[in-house]
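In: Sequence and predicted structure below; questions after.
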Amino acid sequence: MKRKNKRKKTFKKPISLLRFYTVAVFFLVLGGAIFFRLFWLQIKQHNYYTALADSQYQTVKELKPQRGEIFLRGREENFAVAVNKEIPTVYVVPGEIENKEEAVTKLADTLDLEKEMIRQKVYKKDDPYEVIKRKISEEEFKKIRELNIKGVHFEKERWRYYPGGELAAQTIGFLGYGQRGLTGRYGVEQYFDDVLRGQKGLLKEDRDVAGRWISIGQRKVSPSRDGSDLVLSLNQVIQFKAELALKNAVEKHQADGGKIIITEVGTGKILAMASWPTFNPNEYSRYEAGEFKNPIISGNYEPGSVFKIITMAAGLDTGRVSPNTTYNDTGSVVADGFEIRNSDEKAYGQQTMTEVIEKSLNTGVIFVEKLLGHKLFAKYVKKFGFGQKTGITLPGETAGNISNLKTKRDIEFFTASFGQGISVTPLQLAMAYGAIANKGILLKPIVVDKIIHPDGKEEVTEIEEVGRVISQTSARQASLMLESNVQNGHGKLAGVPGYKVAGKTGTAQIPDKINGGYLEGATIGTFAGFAPVDNPIFAMVVIIDHPRDVEWAAATAAPVFGEMTKFLLDYYGVKPTEDYSPEDLEMFDKKHNYLDVKLSEKKEEDDGSP
């Protein structure tokens with residue numbers, strides 16, 4: 001019996017230890033899990049649960065800043081082209097509508113909307129708010145209000161509004177939906193989006209069970225900061241006139257489109273920048289995306305003979321030629337198996353460099369390029385700013401393409417000397433001509449004149465010199481050669497009676513991007529220049545894309561340049577320096593009619609023109 005008892009005791013001992021260890025491990029794991037959970041809730045998720053608790057008795061509202069507005073410069077006061085405007089929205093409370101079908105019919109007829117779309121919203125149950133249409137017109141607002149339909153309501157919403165309509169649209173851009181929600185798209189709206197949008201704020205306050213603010217409770221405000229205003233360098237009147245002249249020229253010549261840019265010689269400020277076709281930013285959804293781009297800064301094209309003065313300026317600056325240097329024009333030059341002819345396929349014999357510009361002789365600038373040598377020629381092309389971005393504060397700028405000048409073939413350099421085989425932007429060309437007018441100094445273009453911050457402080461854009469391109473003497477010689485071209489050469493229709501005007505025509509073939517070579521019968525006409533020659537105020541480039549009625553720039557771009565030049569000289573109050581007769585003015589008016597539209601008619605059309 002005693003042995004039996006001993007066995008039972010020795011047999012139960014290991015079972016008790018197993019149970020002990022099992023229970024201990026269980027409580028250890030349980031305790032660890034509880035500790036981990038408490039750590040996660042109280043430490044890691046502290047902010048979340050604090051916010052959740054606060055939400056039971058606190059409300060947090062986002063304070064939206066007011067977007068900065070955009071202005072064009074005016075003679076006396078600035079002109080708003082992008083503003084914040086409260087526009088009515090019509091919405092319905094379905095539960096309040098008594099006769100739903102009648103409401104659907106009346107709303108559809110008044111707002112020109114599909115009945116089914118309205119019906120789906122009107123018949124929704126337990127829905128206190130259904131938007132029918134945003135940004136309704138004043139006429140629509142009045143008509144719906146007169147209908148007096150129970151359950152139909154209005155509210156004011158703040159929207160971006162562009163009073164000028166198409167005026168400077170491709171420079172301004174618009175406010176639309178992107179990856180960041182409602183954001184600036186294209187133009188200065190995009191480039192300066194962070195400056196314009198401002199900073200959001202927060203309002204945090206205690207509330208009771210009914211959601212009402214407790215006046216004796218806590219109230220914390222992190223105020224929003226409104227965006228800054230932009231004053232562009234574009235002049236309202238000049239911009240309007242430039243757009244009008246361009247549009248009329250494109251329509252007259254049945255062209256594919258056109259471009260115009262006007263810069264202030266001494267500052268680099270852009271006074272006008274326009275292309276046609278364009279768009280209305282108030283209705284941007286109706287247009288293709290390609291129409292939003294600004295081809296003045298992104299549209300590479302082969303400039304043609306307007307580039308000849310760049311080659312000539314390099315020759316003058318290096319002393320390789322003077323305005324009176326002569327060469328023998330045989331009418332053609334052979335290079336790498338190709339024959340290059342003058343555009344009129346004529347040979348003129350002994351010619352001066354000034355006559356090369358007047359007659360726009362391809363062989364003449366090839367003569368200059370040979371004297372320079374390929375390396376030095378390419379150096380001057382780059383010094384004038386071609387093949388690189390100007391640094392303008394607008395999105396989408398391209399650098400052009402002068403990669404042909406990296407080859408060793410003579411043909412590439414010879415064609416480049418008269419503006420074929422390389423591509424530039426209209427902005428680069430305008431700034432290069434501005435450099436010649438500005439005594440040889442190239443400036444950085446300015447499109448935003450100043451930024452006005454919410455506190456009233458103004459941040460003015462400073463004039464920035466890129467560098468000296470040619471000497472003052474060389475710039476003066478090049479200017480006189482361009483003046484001679486307007487007086488005696490292909491640029492006569494760009495001249496203005498009583499004034500000295502400098503400029504050059506360029507009629508370039510259009511590359512065939514599919515089959516190579518150039519499109520048959522398709523050209524781009526350009527006129528580039530400045531005035532007045534002795535004390536230049538502005539430089540200008542006019543481009544007419546593929547005109548159907550005439551081929552040469554002398555008949556398409558040059559007259560637009562001339563009429564805009566006359567307007568600008570009058571606008572700035574520049575007095576004539578040369579003799580002219582009433583007959584001269586009468587003849588000028590007969591050949592220039594691109595601004596023959598009454599301002600009052602245009603103002604009624606776009607509700608924002610001067």
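Out: Okay, I see it.
In: Would you agree Ser224 is in contact with Lys64?
Out: Yes. Counting by CB atoms under 8 Å, Lys64 is a contact partner of Ser224 at 6.4 Å. From N, CA and C alone the C-beta is placed, and that goes for glycine too.
In: Common neighbours of the two, please.
Out: Between them, Ser224 and Lys64 share these contacting residues under CB atoms under 8 Å, 6 or more residues apart in numbering: Lys200.
In: Give the buried residues for stretch 546-561.
Out: For stretch 546-561, a neighbour-count test (16 or more other CB atoms under 10 Å) marks 546-547, 550, 552-561 as buried.
In: just how off-centre is that stretch within its chain?
Out: Mean C-alpha position of stretch 546-561 versus that of the full chain (CA atoms, centre = their mean, to the nearest Å) differs by 26 Å.
In: Grab the CA positions of the helix or strand containing Val333 and hand them over as CSV.
Out: Here Val333, judged by DSSP states H and E, is contained in strand 332-335. What follows is strand 332-335, C-alpha atoms only, in CSV (Å, rounded to 0.1, in the frame of the first residue of the first chain):
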residue,chain,number,x,y,z
SER,A,332,23.9,80.2,-106.9
VAL,A,333,26.4,78.4,-104.6
VAL,A,334,27.2,74.7,-104.8
ALA,A,335,27.9,72.7,-101.5
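In: residues of the helix or strand following that strand that come out buried?
Out: Beyond strand 332-335 on the C-terminal side, the first helix or strand identified by DSSP H and E is strand 338-341. Neighbour-count burial for strand 338-341 flags Ile340 (criterion: 16+ other CB under 10 Å).
In: now do stretch 124-137
Out: For stretch 124-137, by 16+ other CB under 10 Å, it's 130, 132-133, 136.
In: Between the two ends of that stretch, how far is it?
Out: 26 Å (CA to CA, to the nearest Å).
In: So what's the gap between that stretch and the chain middle?
Out: Using CA atoms, centre = their mean, the offset of stretch 124-137 from its chain centre is 35 Å.
In: From the rest of the structure, what touches that stretch?
Out: Contacts for stretch 124-137 (CB under 8 Å, 6+ apart): 87-95, 107, 111, 113, 118, 121-122, 140, 144, 152, 157, 159.
In: tell me the mean pLDDT over it?
Out: The predicted model assigns stretch 124-137 a mean pLDDT of 85.
In: out of Ser224 and Lys64, which sits in the more crowded spot?
Out: Ser224 (17 against 13; other CB atoms under 10 Å).
In: Look up phi and psi at that one.
Out: Main-chain torsions, Ser224, degrees, to the nearest 10: phi -80, psi 160.
In: ok, now the one 5 residues further on?
Out: The phi and psi torsions at Asp229 (degrees, to the nearest 10) take the values phi -90, psi 150.
In: list the contacts for it?
Out: 68-71, 451-452.
In: follow-up on the earlier one: just the buried residues of the contacts of stretch 124-137.
Out: 87-92, 94, 107, 111, 118, 121-122, 140, 144, 152, 159.
In: of those residues, closest to Phe377?
Out: Trp159 (53.1 Å; CB to CB).
In: which stretches of the stretch 51-200 of the chain form helices?
Out: 100-111, 115-122, 138-147, 169-172, 187-191, 193-197 (DSSP state H, counting those that start in this stretch).
In: Going by contacts, tell me the helices and strands next to the longest one.
Out: The helices and strands touching helix 100-111, judged by 3 or more CB pairs under 8 Å, 6 or more residues apart in numbering; DSSP states H and E, are strand 79-92, helix 115-122, strand 130-133, helix 138-147.
In: Go through the ones you listed and name the closest to Phe292.
Out: strand 79-92 (14.6 Å).
In: Tell me the strands beside the closest one, with direction?
Out: Strand 79-92 has its sheet partners listed here by DSSP bridges as strand 70-73 (antiparallel), strand 130-133 (antiparallel), strand 152-161 (antiparallel).
In: For the contacts of Asp229, give me TSV that also has neighbour count and pLDDT.
Out: TSV is the format used below for those (neighbours: other CB atoms under 10 Å; pLDDT from 0 to 100):
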residue	neighbour count	pLDDT
Gly68	21	95
Glu69	21	96
Ile70	27	97
Phe71	21	97
Ile451	18	97
Ile452	18	97
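In: Check the burial of Gly498 by counting its neighbours.
Out: 19.
In: surely it meets Val574?
Out: No. Using CB under 8 Å, Gly498 is not in contact with Val574, being 9.6 Å away.
In: Can you mark which positions in stretch 384-396 are buried?
Out: 384-387, 390, 392, 394-396.
In: Quote the end-to-end distance of it.
Out: 21 Å.
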